[in-house]
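# sequence and predicted model, in that order:
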Amino acid sequence: MFATAQGAVVLGLLCGVLSAGASLCPSGCECSEAALTVKCVSKDLRDIPTRIPGYTRNLFIIGNHIREIGPEAFQGLDNVTNLSLSNNRISEVKSNTFFSLRSLRSLDLSNNQLAVIHPEAFSVQSRMLRELNLSLALYNHSSIMDLATSLRWSTLSDLQGLDLSSNGLVYLPPGIFCHLTGLRRLQLANNSIVSIHNGTFTGLDHLQDLDLTHNALRTFREEALKELDLLRSARLHLAENPFTCTCDIESFAAWLNNSRAKVMDTDHLTCVFPITLQNTSLLSVGEVELGCHKTGDGDNLALQTSYVFLGLVLGFVGLMFLFVLYLNRKGIKKRIYDMRDACREVWEGYHYRYEIDSDPRLSQVSTSADV
Ligand SMILES: *[C@@H]1O[C@H](CO)[C@@H](O)[C@H](O)[C@H]1NC(C)=O
Ligand SMILES: *[C@@H]1O[C@H](CO)[C@@H](O)[C@H](O)[C@H]1NC(C)=O
Ligand SMILES: *[C@@H]1O[C@H](CO)[C@@H](O)[C@H](O)[C@H]1NC(C)=O
Ligand SMILES: *[C@@H]1O[C@H](CO)[C@@H](O)[C@H](O)[C@H]1NC(C)=O
Ligand SMILES: *[C@@H]1O[C@H](CO)[C@@H](O)[C@H](O)[C@H]1NC(C)=O
Ligand SMILES: *[C@@H]1O[C@H](CO)[C@@H](O)[C@H](O)[C@H]1NC(C)=O
Ligand SMILES: *[C@@H]1O[C@H](CO)[C@@H](O)[C@H](O)[C@H]1NC(C)=O
Ligand SMILES: *[C@@H]1O[C@H](CO)[C@@H](O)[C@H](O)[C@H]1NC(C)=O
């Protein structure tokens, strides 16, 4: 009797310990204390689970239906270094959301629908954050303005990697990266960026790798080339852009020829338009293919050509004239003879009258008659 009571107590204690242990892992999640990892994958979660164990270093809450996140969600998670919230429906990130995650080094927000990003959304206490993944994360292109503000306001000067690929970005606000002075890797692949302007890459003095592949760049103008030159130690990736080989590409082609060491995929850069130059390497499009070098010479050439043409036309007209003369030679001969005869008649008429006028006898006759 006493023994069974003791057994019940032991059992109760055991149950208590077990249930306490179980309660340490939120429902819908898998927790591994050995691996310091908590995973809540594809469980239709609408909010960040509460009571996530304090030991957690790697926290994956992915493939759920989380819509917004704020600072209350991550209290007491001092040890989390890797946080992934990818593949959710997050549309709003409030100020200081990640502020209490004092060990956070890597934040993955890829594949979300961020439309509202508060200015201090990415503020962190300890400047530990190294990697920020915002690939396929923005709701639409307009979100870039919010993001630009928050990248300026948040304390991210030690961020080393930023992934902004696949966001449909058309342009980058000037100075968007100016506070990310420690950035080393910037992914801008698979957007619709049409041009690079003065100030686009301001502040990225330590950039080592810039990926601009799969964008909408037709060329890089002088302004853009200067901007790329400012990235002194960066390796550039520029392939898969619709490079258009007209006169506008000349300075870029020349720059490319001198920057092979900097551009990693130089050999894969080809003209996409016009069709006649498709697949031609940008390194081999020179003056000849583009036909736009030194417009002054071009004008002179055109002028010379027109002179030659004029000469040819005049010569032809002259030849035609002579030919017509030749064909009409009989008529002309006849006309000349007619003219000569006419002349002769006239001449003879004069001659006759002169002879009469100058005959002294005849003049005497007339004077004597007057007398
Ligand atoms: C965080 O990790 C440290 C060891 O790195 C440990 O001493 C501490 O207890 C952990 N914090 C929590 C809440 O488990
Ligand atoms: C945590 O993030 C770092 C990058 O900061 C990465 O190298 C590491 O593999 C990540 N660990 C896990 C478990 O995902
Ligand atoms: C960012 O996330 C995407 C999708 O989850 C992944 O393909 C990509 O490799 C990540 N970027 C970095 C720099 O790890
Ligand atoms: C982006 O989405 C917002 C909210 O729906 C909308 O007001 C805005 O016009 C959209 N911008 C673009 C460029 O589609
Ligand atoms: C490129 O971005 C679009 C969205 O803008 C996305 O649907 C597509 O999967 C991305 N492609 C790659 C290869 O990442
Ligand atoms: C770029 O902008 C800076 C100031 O923002 C200015 O000093 C510089 O002259 C500009 N460069 C060009 C090429 O426009
Ligand atoms: C490329 O540069 C080399 C010298 O580095 C020069 O000889 C060559 O003409 C240049 N080619 C073009 C197409 O500019
Ligand atoms: C250029 O290359 C693509 C893919 O290799 C090919 O489909 C296309 O026909 C090529 N165009 C020309 C004009 O050679």
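Yes, it's here. Bear in mind the structure is a predicted one, so any value in this text is a computation, not a measurement. Ligands and ions are numbered 1, 2, ... in the order given.
# residues of stretch 275-286 that come out buried?
If you call a residue buried by 16 or more other C-beta atoms under 10 Å, then stretch 275-286 has these buried ones: Leu277, Leu282, Val285. Heads up, the C-betas are built off the backbone N, CA and C, glycines and all.
# so where's the stretch 201-350 of the chain shaky on pLDDT?
Within the stretch 201-350 of the chain, the ranges that satisfy pLDDT under 70 run 287-289, 293-309, 313, 321, 343, 346-350.
# for the residue in the stretch 101-250 of the chain positioned nearest to ligand 2, name its beta-bridge partners.
For the stretch 101-250 of the chain and ligand 2, the shortest gap (C-beta to the nearest ligand atom) falls at Ser106, measuring 3.5 Å. For Ser106, the beta-bridge partners are Asn82, Glu131 (DSSP bridges).
# list the contacts for it?
Taking C-beta atoms under 8 Å, 6 or more residues apart in numbering, we find Ser106 in contact with Thr81, Asn82, Leu83, Leu129, Arg130, Glu131, Asn133.
# sitting in helices, which of the buried residues of stretch 275-286 do you find?
Judged by DSSP state H, helices contain none of the buried residues of stretch 275-286.
# point out the residues in the protein that sit beside ligand 3.
Residues of the chain lying close to ligand 3 (C-beta under 6 Å from any ligand atom) are Ser86, Ser110, Asn111, Asn133, Ser135, Gly161, Asp163, Gln187.
# still on that earlier bit, out of the buried residues of stretch 275-286, flag the one nearest to Ser195.
Leu282 (16.9 Å; C-beta to C-beta).
# and the strands in this protein, which stretches?
For the chain, the strands defined by DSSP state E cover 30-32, 37-41, 58-62, 68-69, 82-84, 92-93, 106-108, 116-117, 131-133, 161-163, 185-187, 209-211, 235-237.
# residues making contact with stretch 183-197?
The contact list for stretch 183-197 (C-beta under 8 Å, 6+ apart) reads 135, 159-172, 174, 177, 204, 206-218, 220-221, 223-224, 227-228, 237.
# okay, now the domains of the chain?
27-151, 160-293, 299-351 (automatic domain parsing).
# ligand 1: which of those is closest?
Ligand 1 lies closest to domain 27-151 among the domains of the chain, at 2.8 Å (C-beta to the nearest ligand atom).
# what is the end-to-end distance of that closest one?
34 Å (C-alpha to C-alpha, to the nearest Å).
# and that domain, how far out from the chain's middle?
31 Å (C-alpha atoms, centre = their mean, to the nearest Å).
# check whether it comes near ligand 1.
Yes - contact of domain 27-151 with ligand 1 (C-beta under 6 Å from any ligand atom) involves Gly54, Tyr55, Asp78, Asn79.
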